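[1] quick one: sequence plus predicted model below, questions after.
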Amino acid sequence: MEMFNKENENVKRAVSGVIIVALILGGIIAGGSLWLLITAAVACISLWEYYSFFESKAHMSRGIGLITALLIFYSSYTETLFLFLGPLFVLTALAILLVELIRRHLTGRSNALWNLGGTLSGIIYICLPWAFIFHLRAFPRGIYFLLTLFLCTWACDVSAYIIGSKWGKKRLSEEVSPNKTWEGFFGGFSGSLLGGVIVAFTFAFPPLPFLTIGLICGIAGQIGDLAESLVKRESGLKDSGSVIPGHGGFLDRFDSILVSGTITYFLFGVIIG
């Protein structure tokens, strides 16, 4: 019975994984409104999951956070993101404080510090990286950068899991994520670099930019994974959610891309571009 349940869980994991890959690749290739819809949806669901980490501590203004997230994606789509970003953050903070003032007036209690910090940190940690990933599609060769970014991230995850499961012995950070090992880390790093090589070879591009993305995903991406594990450990939750069968929540599946996507955007869009 236990073996049957494990096989059933593996089937769910494989099917949902194929669907996610198909949606991401379809969005990258199509671009435009479809890519906006996919990135905004993943960001908003991940943000909702992130706010659940704070439920044991304080009430979060989820509605204000989601409205801010949608405005960020709208301004990113209209290429006015950096024009409105500063005022948007200030108005969001003021709206949260107004909510807490009303709560204090009506109930005699408030949690302004937790609400303000939690709501805004979710926007910074989740929504802005996904807005950058959306905008990366518009760069020269942006479609190939995105394909490399996701391919290297997935290759890193799969390689780290396989190598870590079979040969992992030395714990990477037992206090944060007991199952992660140094062997798995270097396995993921190697898989990520291989992903960059595959893209460069397939499309006959100069390899350096794609190897760089592989390097970013292999190191920064795994640090991003550990960072989300840290947040979950502090909140006492095993998974960020259960939306994706066999995988947990959206934040569980896309935690690595938040860091590697932001660095890739900054490197190829701001510094080089």
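    All right, it came through fine.

[2] going by C-alpha atoms from here, please, whenever you check contacts or count neighbours.
    Noted.

[3] and whichever strand or helix holds residue 50, what does it pack against?
    Secondary structure from DSSP states H and E places residue 50 in helix 32-52. The contact analysis (3 or more CA pairs under 8 Å, 6 or more residues apart in numbering; DSSP states H and E) places helix 32-52 against helix 2-30, helix 62-77, helix 112-122, helix 128-136, helix 250-253.

[4] same thing but at 7 Å, please
    helix 2-30, helix 62-77, helix 128-136, helix 250-253 (3 or more CA pairs under 7 Å, 6 or more residues apart in numbering; DSSP states H and E).

[5] confidence-wise, which of the ones you listed is weakest overall?
    Lowest mean pLDDT within these: helix 2-30, at a mean of 77.

[6] related to what we said a few turns ago, of the helices and strands packed on helix 32-52, flag the one that's most buried.
    Of all these, helix 128-136 has the most neighbours on average by mean count of other CA atoms under 10 Å, namely a mean of 24.

[7] average pLDDT for stretch 186-206?
    Per-region confidence: stretch 186-206 scores 93 on mean pLDDT.

[8] distance between it and the chain's centre?
    Taking CA atoms, centre = their mean, to the nearest Å, one finds stretch 186-206 lying 21 Å from the centre of the chain it belongs to.

[9] equivalent analysis for stretch 24-33, please.
    When distances are taken as CA atoms, centre = their mean, stretch 24-33 is centred 17 Å away from the chain's centroid.

[10] okay, now residue 108: neighbour count?
    Look at residue 108: counted by other CA atoms under 10 Å, it has 9 neighbours.

[11] quick one, what contacts it?
    By CA atoms under 7 Å, 6 or more residues apart in numbering, residue 108 lies in contact with nothing.

[12] phi, psi of it?
    Residue 108 has phi and psi values of phi 80, psi 0 when expressed as degrees, to the nearest 10.

[13] tell me the spacing between it and residue 100.
    To residue 100, residue 108 is 10 Å away according to CA to CA, to the nearest Å.

[14] let's have the helices and strands packed on helix 32-52 in JSON lines, adding distance to residue 266.
    Output for the helices and strands packed on helix 32-52, formatted as JSON lines (distance: least, CA to CA, whole Å):
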{"stretch": "helix 2-30", "distance to residue 266": "19"}
{"stretch": "helix 62-77", "distance to residue 266": "15"}
{"stretch": "helix 128-136", "distance to residue 266": "9"}
{"stretch": "helix 250-253", "distance to residue 266": "22"}
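
[15] follow-up on the earlier one: got the CA positions of the helix holding residue 50 in PDB?
    C-alpha atoms of helix 32-52 as PDB (Å, rounded to 0.1, in the frame of the first residue of the first chain):
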ATOM      1  CA  GLY A  32       2.900  39.600 -24.800                       C
ATOM      2  CA  SER A  33      -0.300  39.300 -22.900                       C
ATOM      3  CA  LEU A  34       0.000  35.500 -22.300                       C
ATOM      4  CA  TRP A  35       3.400  35.900 -20.700                       C
ATOM      5  CA  LEU A  36       2.000  38.800 -18.600                       C
ATOM      6  CA  LEU A  37      -0.900  36.600 -17.400                       C
ATOM      7  CA  ILE A  38       1.300  33.700 -16.500                       C
ATOM      8  CA  THR A  39       3.900  35.700 -14.600                       C
ATOM      9  CA  ALA A  40       1.300  37.800 -12.800                       C
ATOM     10  CA  ALA A  41      -0.700  34.700 -11.800                       C
ATOM     11  CA  VAL A  42       2.300  32.900 -10.500                       C
ATOM     12  CA  ALA A  43       3.400  36.000  -8.600                       C
ATOM     13  CA  CYS A  44       0.000  36.600  -7.000                       C
ATOM     14  CA  ILE A  45      -0.500  33.000  -6.000                       C
ATOM     15  CA  SER A  46       3.000  32.900  -4.500                       C
ATOM     16  CA  LEU A  47       2.400  36.100  -2.700                       C
ATOM     17  CA  TRP A  48      -0.800  34.700  -1.200                       C
ATOM     18  CA  GLU A  49       1.200  31.700   0.000                       C
ATOM     19  CA  TYR A  50       3.900  33.900   1.400                       C
ATOM     20  CA  TYR A  51       1.400  35.800   3.500                       C
ATOM     21  CA  SER A  52       0.300  32.500   5.100                       C
END
